[in-house]
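**Q** sequence plus predicted model, see below.
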Amino acid sequence: MYHSNHILNIMNPFNAPVYFKEETDSTMLDMSRLSKPEHGTVTAAAYQTHGRGRGQDRRWNSEKNKNLLFTIALNPDMICHPLVRTPLICGLALTKFCLNQYQLHSRLKWPNDILVDNRKISGILCEFRSNMIFAGIGINCQETEFPDGIKHKTTSLKLQDISMTALTVLEKFLPVLKETLERKQWKEEAQDILYGRREQLEIFEGSTEKTRSKMIIIKGLNDDGFLLARDLEKGKEMTITTGEISFMDFI
């Protein structure tokens, strides 16, 4: 039996409720169970049993009571960015937050993973439901031990010598998220903190088992937030429109 919701007494600049559970199946599912959530409503949890990452059959694993796990409902008419760009903008907000709040060496790995010292500290999954954007966000806060398969490419605030509770991080992050979503200017800022920009990188498009790798140089982002690159083998410019690419350094 999953725990029931209660409303947290924390500042939400969206002027919407912040619901919290000790344990749930998924904060994304919790949001979908609410009747007409208003813009900026948050569902958060200390633990998820069925948290999902981006991509089919991917799980978001998190130790109990260690990390920030939440979903926020966004009204597309109340932000300055189209649906296709919203995951990137959420990633931009979180990267800026890590840079400015904690002075961490943070980078935005396209489309919406946040790296600190080239290790993943956060991931974002956006879905469009009932005319609202549900942005699911996980931030590693106090977890210090990760499974063998990912520990070499994963970090947390605690591993960066920052001791901050998950709900404190949430309260500090929400104003940054709101400000970033409501600003029309974004591209130059995002490109400045884009992982691998102007570097030669090896990537896979699609499944690493079904496709061979290619060498690219990341040039930047287009107006939709898609990745602009140059295929070094073919000598051609390319636009990567799907998030289903894998950087060799993170496989």
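**A** That came in fine, so what should we check first? Since this is a predicted model, take the numbers as computed values, not measurements.
**Q** could you list the low-pLDDT ranges of the stretch 1-150 of the chain?
**A** The model of the stretch 1-150 of the chain has pLDDT under 70 over residues 1-4, 51-61.
**Q** and the helices in it?
**A** 27-33, 86-102 (DSSP state H, counting those that start in this stretch).
**Q** in the chain, which residue is most central in space?
**A** Ile124 (2.6 Å; Cα atoms, centre = their mean).
**Q** give me the distance between the nearest residue to it once chain neighbours are set aside and Asn5.
**A** Distances taken as Cβ to Cβ, 6 or more residues apart in numbering place Asn112 nearest to Ile124, at 4.1 Å, with adjacent residues excluded. The way it works is simple: take the backbone N, C-alpha and C, and place the C-beta from them, glycine included. Asn112 is 27 Å from Asn5, where distance means Cβ to Cβ, to the nearest Å.
**Q** these two - which one has more neighbours?
**A** Asn112 (25 against 17; other Cβ atoms under 10 Å).
**Q** biggest strand in this protein, by residue count?
**A** strand 119-129 (DSSP state E).
**Q** picking up where we left off before, switch the helices of the stretch 1-150 of the chain over to TSV; also include distance to Ala166.
**A** TSV is the format used below for the helices of the stretch 1-150 of the chain (distance: least, Cβ to Cβ, whole Å):
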stretch	distance to Ala166
helix 27-33	12
helix 86-102	14
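**Q** out of those helices, nearest to Phe134?
**A** Closest approach to Phe134 among the helices of the stretch 1-150 of the chain (Cβ to Cβ): helix 27-33, 5.2 Å.
**Q** for the closest one, name the packing helices and strands.
**A** Where contact means 3 or more Cβ pairs under 8 Å, 6 or more residues apart in numbering; DSSP states H and E, helix 27-33 is packed against strand 42-45, strand 68-74, strand 119-129, strand 132-139.
**Q** ok, the first one: who's next to it in the sheet?
**A** As defined by DSSP bridges, the strand partners of strand 42-45 come to strand 18-21 (parallel), strand 68-74 (antiparallel).
**Q** could I get the ones you listed as TSV with distance to Thr86 and mean neighbour count?
**A** What follows is these, written out as TSV (distance: least, Cβ to Cβ, whole Å; neighbours: other Cβ atoms under 10 Å):
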stretch	distance to Thr86	mean neighbour count
strand 18-21	20	22
strand 68-74	7	26
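**Q** next, format the ones you listed as a markdown table and append distance to Ala135.
**A** Putting those into a markdown table (distance: least, Cβ to Cβ, whole Å) gives the following:
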| stretch | distance to Ala135 |
| --- | --- |
| strand 18-21 | 14 |
| strand 68-74 | 5 |
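**Q** now the strands for the protein?
**A** 6-7, 18-21, 42-45, 68-74, 106-109, 113-116, 119-129, 132-139, 200-205, 214-221, 227-231, 236-240, 245-247.
**Q** possible to save these as CSV with distance to Thr154?
**A** Below are the strands of the chain laid out as CSV (distance: least, Cβ to Cβ, whole Å):
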stretch, distance to Thr154
strand 6-7, 30
strand 18-21, 24
strand 42-45, 20
strand 68-74, 15
strand 106-109, 13
strand 113-116, 10
strand 119-129, 5
strand 132-139, 11
strand 200-205, 19
strand 214-221, 22
strand 227-231, 23
strand 236-240, 24
strand 245-247, 14
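**Q** dump the C-alpha coordinates for stretch 14-34 into PDB.
**A** C-alpha atoms of stretch 14-34 as PDB (Å, rounded to 0.1, in the frame of the first residue of the first chain):
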ATOM      1  CA  PHE A  14       4.300  28.900  -9.000                       C
ATOM      2  CA  ASN A  15       1.800  29.400  -6.200                       C
ATOM      3  CA  ALA A  16       0.700  25.800  -6.500                       C
ATOM      4  CA  PRO A  17       0.600  22.900  -4.000                       C
ATOM      5  CA  VAL A  18       3.600  20.600  -3.400                       C
ATOM      6  CA  TYR A  19       2.400  17.100  -2.600                       C
ATOM      7  CA  PHE A  20       4.700  14.600  -0.900                       C
ATOM      8  CA  LYS A  21       4.700  10.900  -0.200                       C
ATOM      9  CA  GLU A  22       7.300   8.800   1.600                       C
ATOM     10  CA  GLU A  23       6.800   6.000  -0.900                       C
ATOM     11  CA  THR A  24       5.000   5.800  -4.200                       C
ATOM     12  CA  ASP A  25       5.100   3.900  -7.500                       C
ATOM     13  CA  SER A  26       5.900   7.000  -9.500                       C
ATOM     14  CA  THR A  27       5.600  10.700  -9.000                       C
ATOM     15  CA  MET A  28       4.600  10.900 -12.700                       C
ATOM     16  CA  LEU A  29       1.700   8.600 -12.000                       C
ATOM     17  CA  ASP A  30       0.800  10.500  -8.900                       C
ATOM     18  CA  MET A  31       0.500  13.600 -11.000                       C
ATOM     19  CA  SER A  32      -1.700  11.800 -13.500                       C
ATOM     20  CA  ARG A  33      -4.000  10.800 -10.700                       C
ATOM     21  CA  LEU A  34      -4.700  14.400  -9.700                       C
END
